[in-house]
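Student: Provide a 3D model corresponding to the input given below.
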Amino acid sequence: MATARTREPQQDRSRATRLRLLETAVECLAELGCSATSVGLVAERADVSRGAAQHHFPTREALFMAAVDHMADVRADELKQQAAALPADEDRTYAVLDLLCGFYVGPLFRAALQVWVTASADEALRSRVIPMEAKFGRDVYAAAVELLGLDTSRPEVRETLMGTLDLIRGLGLADVLTDDSRRREVILRRWASTINQTLDPGG
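Tutor: Next comes the predicted model:
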C-alpha cells in the first residue's frame, strides 16, 4: 500500500508530465496548427510515452481544451508579473498598451488562434472555448482599467477602452504572417497619446 510520502513524488511527477505536455501542445499548435497536432505527436515531442499522455488527455479535444486553459493561466501570470515593472511617468500609457498587446503576439496567441479557427467549425469545442476567451477578455479589460487608472463610469471611456482592446487584437493578427513590430510601435504610441489627451488616465 502506497504511503503518503511515496504518493507525493508520484503526484509531483504527474503534474510535471502534464505541464510538459501542455507546454509542448502549445508549441505544436503555434507551429503546426490543430489539424497536424495530435496526442501522439505531442507525447513524442515532450518525450512522454503515448500511454502516459493519453492518461492525462484521452482525446485530442481534451488536450486542446487543457492547452487553452493553460494559455489563459500563463497569460494571466505574465500580466501580473509585468505590471509591477511598468513606469509611472508619461510613457506609462504606451507601456500598458504594449504590455496588453504582448498577449496577442507570439506563440501563445498563435496557438490560441489555431484553436479558435478549429472551434468555429466544431460546436462542442466552440461551446467550451467561448467562455474561456470571454473570461480572458474581461480580465484584460479589468487590467487595462486598473493599470491606466480609467474612470469607466463615463460611457466614452468604456467605449474607447473597448475600441482600444479591439485595436490591440487587430495588431496581434497583423503580426501572424509577418513581423509587424515597427508599425505596431508607431500605432501604439499614437494611440497612447490619444488616450492621454481624451481619457485623462489617472486623472
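Student: now the helices: where do they sit in the chain?
Tutor: Assigned by DSSP state H, the chain shows helices spanning 4-32, 39-45, 50-56, 60-83, 92-101, 107-119, 123-148, 155-174, 181-198.
Student: As a markdown table, these with mean pLDDT and mean neighbour count would be great.
Tutor: Heads up, the C-betas are built off the backbone N, CA and C, glycines and all. Formatted as a markdown table, those follow (pLDDT from 0 to 100; neighbours: other C-beta atoms under 10 Å):
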| stretch | mean pLDDT | mean neighbour count |
| --- | --- | --- |
| helix 4-32 | 84 | 15 |
| helix 39-45 | 95 | 19 |
| helix 50-56 | 93 | 16 |
| helix 60-83 | 83 | 17 |
| helix 92-101 | 91 | 21 |
| helix 107-119 | 87 | 20 |
| helix 123-148 | 87 | 15 |
| helix 155-174 | 92 | 15 |
| helix 181-198 | 91 | 15 |
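Student: what's the first-to-last distance across stretch 170-186?
Tutor: Counting by C-alpha to C-alpha, to the nearest Å, you get 14 Å between the two ends of stretch 170-186.
Student: how far does it sit from the chain's center?
Tutor: With C-alpha atoms, centre = their mean, to the nearest Å as the basis, stretch 170-186 stands 17 Å off its chain's centre.
Student: who's in contact with the residue nearest to residue 95 when sequence neighbours are not counted?
Tutor: Distances taken as C-beta to C-beta, 6 or more residues apart in numbering put residue 86 closest to residue 95, at 5.1 Å, once the chain neighbours are dropped. For residue 86, the contact set (C-beta atoms under 8 Å, 6 or more residues apart in numbering) comprises 92, 95-96, 99, 147.
Student: For residue 21, state which of those is nearest.
Tutor: Residue 21 lies nearest to residue 99 out of the contacts of residue 86, by C-beta to C-beta, at 28.5 Å.
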